[in-house]
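*Asks:* what's the 3D shape of this:
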Amino acid sequence: MNDVEYYLTEEYIELNHLLKLAGFAASGGGGSALVVQGLVTVDGKPESRKRNKIRAGQVVRYQGARIFVLAPKGS
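*Replies:* Numbers count the residues shown, from 1 in each chain. As a prediction, this is how the structure comes out:
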């Protein structure tokens with residue numbers, strides 16, 4: 001899997017939705033399942049909160065791929 005850059009459109013995005021929008025899960029529920037199974041880290045630490053608020057500057061990792069969460073474009 002490749003690394004992904006995700007530009008926020010709001011102040012934050014919930015982790016399960018981020019996994020879906022980045023293409024790592026087919027749905028928000030699928031993203032939740034990945035988190036519950038212990039397959040996701042945030043900033044290098046295992047994350048168990050499927051609705052954790054992910055903000056600009058954080059890095060989510062799943063199966064060796066990284067999602068770089070960036071501030072909205074133009075800000």
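
*Asks:* Would you confirm that Tyr6 contacts Ala71?
*Replies:* No - applying Cβ atoms under 8 Å as the test, Tyr6 and Ala71 come out as separate, 10.8 Å apart. Where you see a C-beta, it was placed from the backbone N, CA and C, and this is true even at glycine.

*Asks:* max-length helix in this protein?
*Replies:* As assigned by DSSP state H, the longest helix anywhere in the chain is helix 28-36.

*Asks:* List the beta-bridge partners for Leu54.
*Replies:* No, residue 54 isn't Leu; it's Ile. Ile13 (DSSP bridges).

*Asks:* just to revisit the earlier point, quick one: mean pLDDT over the longest helix of the chain.
*Replies:* Averaging pLDDT along helix 28-36 yields 96.

*Asks:* Can you name every helix or strand that that helix contacts?
*Replies:* Contact partners of helix 28-36 among helices and strands, from 3 or more Cβ pairs under 8 Å, 6 or more residues apart in numbering; DSSP states H and E: helix 15-21.

*Asks:* So which bits of the helix it packs on are buried?
*Replies:* Across helix 15-21, burial judged by 16 or more other Cβ atoms under 10 Å covers Leu15, Asn16, His17, Leu18, Leu19, Lys20.

*Asks:* buried ones in stretch 43-57?
*Replies:* So, applying 16+ other Cβ under 10 Å, buried residues of stretch 43-57: Glu47, Lys50, Asn52, Ile54, Ala56.

*Asks:* what does it contact?
*Replies:* 8, 11-16, 18, 31-32, 35-36, 38, 40-42, 58-61, 69-71 (Cβ atoms under 8 Å, 6 or more residues apart in numbering).

*Asks:* I'd like the average pLDDT over it.
*Replies:* Per-residue scores along stretch 43-57 average to 97.

*Asks:* Return that stretch as CSV; C-alpha atoms alone will do.
*Replies:* What follows is stretch 43-57, C-alpha atoms only, in CSV (Å, rounded to 0.1, in the frame of the first residue of the first chain):
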residue,chain,number,x,y,z
ASP,A,43,1.5,8.9,15.9
GLY,A,44,3.3,5.5,16.5
LYS,A,45,1.0,4.3,19.2
PRO,A,46,-1.7,1.6,19.0
GLU,A,47,-5.1,3.2,18.8
SER,A,48,-8.3,1.5,20.0
ARG,A,49,-10.7,4.5,19.8
LYS,A,50,-12.5,4.1,16.5
ARG,A,51,-13.9,7.6,16.6
ASN,A,52,-10.7,9.3,17.8
LYS,A,53,-10.5,12.8,16.5
ILE,A,54,-7.6,13.0,14.1
ARG,A,55,-6.1,16.5,13.5
ALA,A,56,-3.6,18.1,11.1
GLY,A,57,-0.1,16.9,11.8
